[in-house]
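Okay, predicted coordinates and the sequence, questions at the end:
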Amino acid sequence: MQLTSASDAEELGMTSQPARERLTERLRRMGISHPEVLEVMGRMPRHSFVDEALASRAYDDSALPIGWGQTISQPYIVARMTEILLAGPRRDRVLEIGTGSGFQTAVLASLVRRVYSVERVADLKEQAERRLRALKLRNVRLRHGDGAQGWPEYAPFDGILVTAAPPRVPRLLADQLGCGGCMVTPIGTAPEQFLLRLVRTRSGWRHEMLEPVSFVPFLEGTC
Ligand code: SAH
């Protein structure tokens, strides 16, 4: 069957609450256990963050194209990175690098006090801004810029979440992590990409390689 619009998908129940509940159940089976993360994943309208033509696939556990050669991250990975980030001691100020569709931003905004998010593609940043406004998520500030610079005006951050894979941790970003703060980032080039957790301690940084992942590359400059 060929679905032509978001309203077709809606009529068939593919963007409705049951579809979100099926996704949450799948995330739970895959090992996501943080109750607040599961609750937010269960109510966030992911279909509002993709093109209408893809709305029927919004609750599949897969990455989807969002234009400009980029993708909205797979729901499992959004939930997993958020869960790792929330294990840190504070959730006052979180920096995200790679706003993309704004979906991960919206999930974070529902769980922490303030989210700052940097996107290098101006059109994506503007689109995400409209979506976040429509959802009345007002504790988010977006910036068009190169995420390698972080956002020094608002540093230090309790958490930094990076949604594109750099070859190594950008030094300026690590410097913007507050003491006890945690950074979650993919690292490396496919097929050798891993999720990395970096915690800032009083004397430096402690890092831990987690599972293999597959992310779009972290790119230099803006467009
Ligand atoms: N969290 C987003 C993921 C989008 S894909 C979502 O689920 O929709 C990764 C995003 O990172 C892309 O939008 C890409 O443009 C952006 N990106 C890549 N390198 C960047 C950089 N150096 N600074 C800021 N954004 C970057």
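Here it is on my side, so go on. Numbers count the residues shown, from 1 in each chain.

What parts of this structure come near the ligand?
66, 70-73, 97-98, 100-101, 103-104, 118-121, 124, 146-148, 163-164, 216, 218-219 (C-beta under 6 Å from any ligand atom). (C-beta placed from N, C-alpha, C; glycine too.)

repeat that for 8 Å
Within the chain, the positions adjacent to the ligand are 49, 63, 66, 68, 70-73, 78, 96-105, 118-121, 124, 128, 145-148, 163-164, 166, 215-222 by C-beta under 8 Å from any ligand atom.

Okay, residue 210 and residue 184: tell me how far apart.
8 Å (C-beta to C-beta, to the nearest Å).

Which helix or strand contains the residue nearest the centre of the chain?
The structure's the chain has its C-alpha centroid closest to residue 104; by C-alpha atoms, centre = their mean the separation is 3.0 Å. Assigned by DSSP states H and E, residue 104 belongs to helix 103-109.

just residue 26 next, same as before
Going by DSSP H and E, residue 26 is part of helix 17-29.

buried sites along that helix?
19, 20, 23, 24, 27 (16 or more other C-beta atoms under 10 Å).

these two touch, right, the second one and residue 60?
Going back to what we said before, that points to residue 20. No - applying C-beta atoms under 8 Å as the test, residue 20 and residue 60 come out as separate, 11.8 Å apart.

Which residue ranges of this structure form strands?
Secondary structure of the chain (DSSP state E): strands at 64-67, 70-72, 93-97, 114-119, 140-144, 157-162, 177-187, 194-200, 205-212.

Report all helices and strands that the longest one contacts.
In terms of contacts (3 or more C-beta pairs under 8 Å, 6 or more residues apart in numbering; DSSP states H and E), strand 177-187 is packed against helix 75-86, strand 157-162, strand 194-200.

What pLDDT is listed against residue 2?
Per-residue confidence at residue 2 stands at 46 (pLDDT).

ok, back up a step: buried ones among the residues of the chain next to the ligand?
Buried among the residues of the chain next to the ligand (16+ other C-beta under 10 Å): 49, 63, 66, 70-73, 78, 96-105, 118-121, 124, 128, 145-148, 163-164, 166, 215-216, 218-219.

that older thread, could you dump the strands of the chain into JSON lines and include mean pLDDT?
Formatted as JSON lines, the strands of the chain follow (pLDDT from 0 to 100):
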{"stretch": "strand 64-67", "mean pLDDT": "97"}
{"stretch": "strand 70-72", "mean pLDDT": "97"}
{"stretch": "strand 93-97", "mean pLDDT": "98"}
{"stretch": "strand 114-119", "mean pLDDT": "98"}
{"stretch": "strand 140-144", "mean pLDDT": "98"}
{"stretch": "strand 157-162", "mean pLDDT": "98"}
{"stretch": "strand 177-187", "mean pLDDT": "97"}
{"stretch": "strand 194-200", "mean pLDDT": "97"}
{"stretch": "strand 205-212", "mean pLDDT": "96"}
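
Any chance of the ones you listed in JSON lines with distance to residue 171 as columns?
Output for the strands of the chain, formatted as JSON lines (distance: least, C-beta to C-beta, whole Å):
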{"stretch": "strand 64-67", "distance to residue 171": "29"}
{"stretch": "strand 70-72", "distance to residue 171": "24"}
{"stretch": "strand 93-97", "distance to residue 171": "14"}
{"stretch": "strand 114-119", "distance to residue 171": "16"}
{"stretch": "strand 140-144", "distance to residue 171": "19"}
{"stretch": "strand 157-162", "distance to residue 171": "13"}
{"stretch": "strand 177-187", "distance to residue 171": "11"}
{"stretch": "strand 194-200", "distance to residue 171": "12"}
{"stretch": "strand 205-212", "distance to residue 171": "11"}
